[in-house]
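starting from these lines, generate the structure:
(chains A and B)
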Amino acid sequence: MTAVTPKTVATAPTIHYRLSKFVAVIFMLLMACAAAAEEIKIGGSGAALGTIRLLADAFARQSSDFRATVVPSLGSGGSIKAAVAGAIDLAATARPMNADERALGATEIEYGRTPFVFAVSARSKVTAITTRQLADIYAGKMVNWPDGSPIRIVLRPASDVDTAMVKSISPEVGQALSVARERRGVAVSMSDQDAADDIERIAGAIGPSSLALLISEKRALSALKLDRVEPTSANIASGAYPYYKRLFLVTGAKPPAAAQRFIAFIQSPAGRKVLAQTGHWIP
Amino acid sequence: MTSLHPRSNDQLAAIVGRLALAIALIVAAVLPLGYSILKYRDLADYLNLMAEVKAGATARTLITTNPELWPYQVQRLEELLSAEPILLESEAANIRDAKDNVLAKMGRSPDPPVLRRSRAVHESGRVVGRIEVERSLRGLFYGTAIAAVLGLLLGAAVFITLRVLPLRALRRVTGALEQEVRQHELAAERAEYLAYYDSLTALPNRSMFSKLLNQAIRLARRDGKQLAVLFVDLDRFKNINDTLGHEAGDLLLQEVAKRLQACLRESDTVARLGGDEFVVLLPALHDVADVEVVAHKILAATGKSFVALGQEFRVTASVGVSTFPKDGDDEQSLMKNADIAMYQAKEDGKNHFQFYSAQMNTNSFERLALESSLRRALDHGEFQLHYQPKIDARSGAIVGIEALLRWQHPELGMVAPTQFIPIAEETGLIVSIGKWVLKTACTQNVAWQKMGLPRLHIAVNLSRRQFSDEGLLRDVTSILEETGMSADLLELEITESTLMHDVDKAISTLKAFRDMGVRLAIDNFGTGYSSLSNLEQFPIDTIKIDGSLIHDLSNHAENRGIAEAIIAMGRNLSLTVVAECVETQAQADFLREHACDEFQGFYFSKAVTADKFAELLEARTTAAEEV
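Below is the predicted model of the structure:
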């Protein structure tokens, strides 16, 4: 969490010292209230949170009255609900809203796209994978890495965006994923962070993630080339790497000004720079 | 009694039935009840555990990570609800916040009724919500229904096993006992039947007849009516039994029983007393003449021919009748008198019926008394022989002797042979009496000769029974040896009817005597049925013309003719002809005129004691010598 210290406002000329002192205290209190109103609570998809945290820090450095609290991953759906309910001020999601969510009065802005990747431990010698291999791994046909160590898959919940992404790679992979979900003793990670933690922790693990998360959170993970294409923002921009997550900023019906200011910052060159550095392509 | 303690049997069956039903119901109830209770507990435990696991996972995964915002993570909550343990189709789970709002739910709402279990979800020790897991109880109900059906089947099997099998065993035991009891009853019935009925003819027996007769007597006495008892005895039944066998005899008796029944009214009774004796009771008699009708019917019915074992034969019956109250006012006297009347009918020639009369009773008593005395007479030396001379028709000399039996009864005095000889004949005493006669006569004759009296042949009568006795020849031989009398001095007199009874046997017996040198005479000749040709066959020496012919010589020309013919025939056959019972001069003259050889009778001398005869013989001999 990044905290920005509020800046003290200068006092006005006084008639009486005591009166001046009282007014000054009241003003300071009001200012303090005004400064507190600049703090926003941000939640969202795990894929986005690392970058959002970096952006909030950057914005706080630029705008001293801005303070943001980034809560642990709520997931895209959870964060939209929380935003609509006003429990958070801003949601960063890894998917666009559906009609139901849109009907609740929320508003979204796509702020970038980041490659959807298959990650392995940074210690792994594996650097690339094919769709075919992916299907075999999920189907349990390929159970060892080339060095003979066992392959351990990390799955995401069925309703998670990442699961939908994996299925979209190919029908074979989709079918293989269904088989994988039936396998016993397979780790299912609730959030993107949980998944990244599990892939880092479990020897020989492979699981879905996003390039933004790996870079923003400085994870000890490597993103594998898929079908010989490296998952980079340039490659998604060119279309060479077709698998990516669209990232959105979602606000409720009446977003606080600080949230709007933060959104504006993200869309500003400074914000775009941070996004570019953290594996995003801004369409 | 038709069943062995039927009441206790039924009670036992009812108790066994109730017990079996109670146990069967318990078994039938226990299965579904036990199944439902166990299954319910199992299900409740399972739902509790499931809620516990899901609550723990939720708390661990989401709530502690994001204690304020976890309620918004609906999809993840749903993921956790659908994570292991996996919900079944009939199950649903939901998670509620502290205000009981449903945050997320998985699974279709189960069909009611529903079993629901929940577990609280904690965060920092505070309850922030709860997980609720529910499942439809329909599966449990279906299972319980199947268990109930199985329970009913099992209960039915238990009921059958506990009720039917023990009862079947019980019935088997009681059935066997009942059968045994039934057999005892049948045996008792049979014994009772045999006590009152004749097994051969199925007619009432003597005991039953006695009851019926006594009852009939009481009714007749009360109503002032008469009744009749008819004794029916088959004539010569013994011959049928002896010649055709007992089987034929039994068939005959059965047929007679049927015929007798057919002769009677429904109110009449016929009973079999035993052997060939039947007795008929005609109660409530209006007229004694009715009895005659029935008696005639009985004689006619029994007189018809019978066919048994392929042979046709005839029997006749003799019927004796006694009536109440004339001939007796109690059972004993009626039965006795009917019996007496029946015997009289037999004596009168059989195949007819005879009403009882008081005279018969007297005769009967006398007869019984005589029979009794007769048995003692021989031992007591009550018999004597009297001797009657045979007189030569021309010379008037005594040429022979006939020994005649006399019975000196100690109370009755001299009893006539006609009275006791038939009894001795019937009772068989005649054989031993006959031997005594023969031996006494021979001894006496030898004694007379030893006294110096003339050597005369002595005649002894043989009855039919004696003549047919197998030991006769042996007895005669031994007596002659014993007494030392010459065989040619013995003359055996046999009646015409005795010889005719079995001609062939008679001839052979006579020849045997002839060979011994014994003289043979036909007694009472002229009354029987023998013909001249028959007479020729018999190796005889003498014919004795029956006294009845001689007695009526003067009155009946026919008798004279017969006497003449007999004398002529005798002469032609070179036989000595003796006339018996010559009582008058005229008779003697007539007979002498027709060349009769010898006389015997009162006219010359009655039968006298041995001593007197010796005197007579001595006197005659002296007279002859003087002449």
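
assign a three-state SS to B:Ala104, would you?
strand (DSSP: H, G, I helix; E, B strand; the rest coil).

tell me the contacts of it?
B:Ala104 makes contacts with B:Val74, B:Gln75, B:Leu77, B:Glu78, B:Leu81, B:Asn94, B:Ile95, as judged by C-beta atoms under 8 Å, 6 or more residues apart in numbering or on different chains. Every C-beta, even on glycine, is put in place using the N, C-alpha and C of the backbone.

can you report how many residues neighbour the nearest residue to B:Thr621 once chain neighbours are set aside?
Residue nearest to B:Thr621 in three dimensions, not counting chain neighbours: B:Pro454, with 5.8 Å by C-beta to C-beta, 6 or more residues apart in numbering or on different chains. Look at B:Pro454: counted by other C-beta atoms under 10 Å in any protein chain shown, it has 14 neighbours.

doesn't B:Pro454 fall inside a strand?
No - the assignment for B:Pro454 (three-state DSSP) gives coil, which keeps it out of a strand.

close enough to count as contact, it and B:Ile401?
No - B:Pro454 sits out of contact with B:Ile401 when judged by C-beta atoms under 8 Å, with a separation of 10.2 Å.

for chain A, state which of the contacts of B:Ala104 is nearest.
Nearest to chain A among the contacts of B:Ala104: B:Gln75, at 4.4 Å, using C-beta to the nearest C-beta.

element containing the closest one?
Using DSSP states H and E, B:Gln75 sits within helix B:74-82.

sorry, back to before: and the furthest pair within the contacts of B:Ala104?
Pairwise distances across the contacts of B:Ala104 (C-beta to C-beta) peak at 14.3 Å, for the pair B:Gln75 and B:Asn94.

helix or strand for the residue nearest the centre of chain B, which one?
Per C-alpha atoms, centre = their mean, the C-alpha nearest to the average position across chain B is that of B:Ser199, at 3.4 Å. B:Ser199 belongs to no helix or strand when assigned by DSSP H and E.

burial count for residue 186?
I went with chain A, as the question did not name one. Count around A:Val186 with other C-beta under 10 Å applied: 14.

try again with chain B
11.

state the distance from it to chain A.
84 Å (C-beta to the nearest C-beta, to the nearest Å).

the one helix or strand that residue maps to packs against which elements?
Take DSSP H and E as the rule and B:Leu186 turns out to sit in helix B:165-196. Judged by 3 or more C-beta pairs under 8 Å, 6 or more residues apart in numbering or on different chains; DSSP states H and E, the packing partners of helix B:165-196 are helix B:6-58, helix B:206-223.

per the record, what domains does the chain have?
All of this refers to chain A. Following automatic domain parsing, one finds the domains of chain A at A:17-113+A:245-277, A:115-242.

I was thinking of chain B, sorry if that wasn't clear
Taken from automatic domain parsing, chain B resolves into B:1-196, B:206-356, B:369-626.

want to throw those domains into a markdown table with mean pLDDT?
Output for the domains of chain B, formatted as a markdown table (pLDDT from 0 to 100):
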| stretch | mean pLDDT |
| --- | --- |
| domain B:1-196 | 86 |
| domain B:206-356 | 86 |
| domain B:369-626 | 86 |
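
closest to B:Ser136 out of the helices and strands packed on helix B:165-196?
helix B:6-58 (10.2 Å).

and the angle from that closest one to helix B:74-82?
The directions of helix B:6-58 and helix B:74-82 differ by 140 degrees, with axes from the mean of the first three to the mean of the last three C-alpha atoms, to 10 degrees as the criterion.

elements contacting helix B:6-58?
So helix B:6-58, by 3+ C-beta pairs under 8 Å, 6+ apart, packs with helix B:74-82, strand B:91-97, strand B:114-123, strand B:126-136, helix B:138-159, helix B:165-196.

run through who's touching the fifth one.
Applying C-beta under 8 Å, 6+ apart, the set of residues contacting helix B:138-159 from outside is B:20-21, B:23-25, B:27-32, B:34-36, B:39-40, B:43, B:90, B:110-111, B:113, B:115.

buried residues in it?
Using 16 or more other C-beta atoms under 10 Å in any protein chain shown as the test for burial, helix B:138-159 gives B:Leu140, B:Thr144, B:Ala147, B:Ala148, B:Gly151, B:Leu152, B:Leu154, B:Gly155, B:Val158, B:Phe159.

ok, the longest one next?
When burial is assessed from 16+ other C-beta under 10 Å, helix B:165-196 yields the following buried residues: B:Pro166, B:Leu167, B:Thr174, B:Glu178, B:Arg182, B:Tyr196.

with the shortest one instead?
Applying a neighbour-count criterion of 16+ other C-beta under 10 Å, one finds B:Glu91, B:Ala92, B:Ala93, B:Asn94, B:Ile95, B:Arg96 buried in strand B:91-97.

that older thread, can you give me the angle the helix holding B:Gln75 makes with strand B:91-97?
Helix B:74-82 runs at 140 degrees relative to strand B:91-97, counting by the same axes, to 10 degrees.

and the angle for helix B:74-82 with strand B:102-106?
50 degrees.

counting by contacts, list what helix B:74-82 packs against.
helix A:75-85, helix B:6-58, strand B:91-97, strand B:102-106.

for chain A, what lies in contact range of chain B?
Chain A comes close to chain B at residues A:43, A:71-75, A:77-79, A:81-82, A:85, A:87-88, A:157-160, A:188, A:190-191, as judged by C-beta under 8 Å from any C-beta of the partner chain.

can you add distance to B:Ala393 and give the buried residues of helix B:165-196 back as a markdown table?
Listed next are these as a markdown table, based on distance: C-beta to C-beta, whole Å:
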| residue | distance to B:Ala393 |
| --- | --- |
| B:Pro166 | 109 |
| B:Leu167 | 107 |
| B:Thr174 | 98 |
| B:Glu178 | 92 |
| B:Arg182 | 87 |
| B:Tyr196 | 69 |
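
ok, now how distant is B:Asn66 from chain A?
Distance from B:Asn66 to chain A, by C-beta to the nearest C-beta: 5 Å.

list the contacts for that residue?
Under the criterion of C-beta under 8 Å, 6+ apart, the neighbours of B:Asn66 are A:Val71, A:Pro72, A:Ser73, A:Leu74, B:Gln73.

before we move on, what SS does the second one have?
On the three-state scheme (three-state DSSP), A:Pro72 is labelled coil.

buried only: go through the residues of chain A next to chain B for me.
A:43, A:71, A:73-75, A:77-79, A:81-82, A:87-88, A:157-158, A:160, A:188, A:190-191.
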